[in-house]
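Asker: Sequence below, structure please.
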Amino acid sequence: MATTTRVRRSRADWQAVISRAERSALSTAAFCAAEGISTTSFYLWRKRLRGMAPSVPEPHGPPPEFLDLGELSRPAKTGAASWDLELDLGSGVVLRLRRG
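Answerer: Residues are numbered from 1 along each chain as shown. This next block holds a predicted model:
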């Protein structure tokens, strides 16, 4: 029986692995096998680095065109909770909303 050695990788290490995989002509399964990485770990880290929680299902259909912030957009009452919202719109554009 073959034994495997567990390798601890940093966030930067995983980013490098995922970047190599994206440039590779291999399938994800073949790339992971060649690198000695489980596909489960690969997909988990890819989601983490893309800012998605692993338990969040992939969206089905187009994203909504409008997001109603409802109560969040109204002026804060004394003692109301503060919040920060950051949206990465792509191409280096980030929208930040804050209520403090």
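Asker: Please enumerate the strands of this protein.
Answerer: Taking DSSP state E as the criterion, the chain carries its strands at 83-90, 93-99.
Asker: Same list (those strands) but as JSON lines, adding distance to R11.
Answerer: In short, each C-beta sits where N, CA and C put it, glycine included. Shown next, in JSON lines, are the strands of the chain (distance: least, C-beta to C-beta, whole Å):
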{"stretch": "strand 83-90", "distance to R11": "18"}
{"stretch": "strand 93-99", "distance to R11": "20"}
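Asker: mind checking which of the ones you listed is nearest W45?
Answerer: With C-beta to C-beta, the closest approach to W45 among the strands of the chain belongs to strand 83-90: 18.6 Å.
Asker: Counting by contacts, list what that closest one packs against.
Answerer: strand 93-99 (3 or more C-beta pairs under 8 Å, 6 or more residues apart in numbering; DSSP states H and E).
Asker: partners of the strand it packs on in the sheet?
Answerer: strand 83-90 (antiparallel) (DSSP bridges).
Asker: Tabulate the strands of the chain in TSV, adding columns for mean pLDDT and mean neighbour count.
Answerer: Below are those laid out as TSV (pLDDT from 0 to 100; neighbours: other C-beta atoms under 10 Å):
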stretch	mean pLDDT	mean neighbour count
strand 83-90	82	10
strand 93-99	82	10
